[in-house]
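Asks: Structural data only, the sequence is not supplied:
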């Protein structure tokens with residue numbers, strides 16, 4: 001897995017809070033990108049959910065579509081609250097041997113948390129594949145990295161709004 005995107009951002013909130021925002025509030029900050037849609041029917045609502053019969057550790061990342069269908073993006077491979085998350089990442093058009101994964105690290109720094117996203121395994125997806133839009137490696141990885149950076153900006157807002165007590169202000 002050598003073709004990868006690595007993006008990092010400092011967020012002014014503790015690691016556990018940022019992890020919580022990433023996992024339990026993903027629907028609030030996730031910004032779909034038509035270039036990287038999971039299915040032709042995307043966008044839907046993103047969520048991490050428990051896998052029935054898998055016990056405490058079994059989780060998956062899904063996209064719930066407006067039709068009511070659920071697309072499984074991937075299963076969670078590592079779940080270390082406040083520290084690390086690794087999840088498989090697939091689009092509906094991926095062949096069985098195409099496997100990418102996203103690792104998210106939450107590192108305490110003096111003013112909060114450095115969140116690092118590494119999306120790796122793109123070398124398993126051929127350049128001619130619809131998911132890559134026939135972009136050469138450099139351009140595809142740059143565009144994908146820009147999207148992850150945009151996503152982390154949304155995560156920062158979600159994590160710090162709750163941290164500052166702004167969540168639910170408009171719920172009345």
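Replies: That came through fine. The structure presented is a predicted model; accordingly, all values stated were derived computationally and were not measured.
Asks: for the residue most central in space within the chain, helix, strand, or coil?
Replies: Residue closest to the average C-alpha location in the chain (Cα atoms, centre = their mean): residue 102, at 6.9 Å. Under DSSP: H, G, I helix; E, B strand; the rest coil, the three-state class of residue 102 is strand.
Asks: Residues contacting the host helix or strand of residue 116, please?
Replies: Using DSSP states H and E, the element containing residue 116 is strand 112-120. Contacts to strand 112-120, defined as Cβ atoms under 8 Å, 6 or more residues apart in numbering, come from residues 1-15, 17-18, 22, 89, 100-107, 144, 148, 151-152, 155, 159. C-beta here means a position set from N, CA and C on the backbone, and glycine is covered the same way.
Asks: With stretch 147-166 instead?
Replies: Residues outside stretch 147-166 that contact it (Cβ under 8 Å, 6+ apart) are 5, 7, 9, 11-14, 17-18, 20-22, 25, 28-31, 33, 35-36, 113, 115, 117, 119, 167.
Asks: repeat that with 7 Å
Replies: With contacts defined as Cβ atoms under 7 Å, 6 or more residues apart in numbering, stretch 147-166 is touched by 5, 7, 9, 11-13, 17-18, 21-22, 25, 28-31, 33, 36, 115, 117, 119, 167.
Asks: Would you check that the residue nearest to the centre of the chain makes contact with residue 89?
Replies: Yes - the pair residue 102 and residue 89 passes the contact test of Cβ atoms under 7 Å, sitting 5.1 Å apart.
Asks: Run through who's touching stretch 67-87.
Replies: Counting by Cβ under 7 Å, 6+ apart, 15-16, 19, 22-23, 38-39, 41, 57, 59-65, 88-90, 92, 101-106 sit against stretch 67-87.
Asks: One more: stretch 126-133?
Replies: Residues outside stretch 126-133 that contact it (Cβ under 7 Å, 6+ apart): 35, 91, 93-94, 125, 134, 136, 140.
Asks: Would you reformat those residues as TSV and include neighbour count?
Replies: Below are those laid out as TSV (neighbours: other Cβ atoms under 10 Å):
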residue	neighbour count
35	14
91	19
93	14
94	17
125	22
134	11
136	10
140	21
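Asks: nearest to residue 53, of those residues?
Replies: Within the contacts of stretch 126-133, proximity to residue 53 (Cβ to Cβ) peaks at residue 94, which comes in at 24.8 Å.
Asks: what residues are up against the residue nearest to the centre of the chain?
Replies: Taking Cβ under 7 Å, 6+ apart, one finds 87, 89, 117, 119 in contact with residue 102.
Asks: what's the angle from the worst-scoring helix or strand of the chain on mean pLDDT to strand 112-120?
Replies: Every helix and strand of the chain was ranked by mean pLDDT, DSSP states H and E. The lowest is helix 137-163, at a mean of 89. Calculated by axes from the mean of the first three to the mean of the last three Cα atoms, to 10 degrees, helix 137-163 forms an angle of 150 degrees with strand 112-120.
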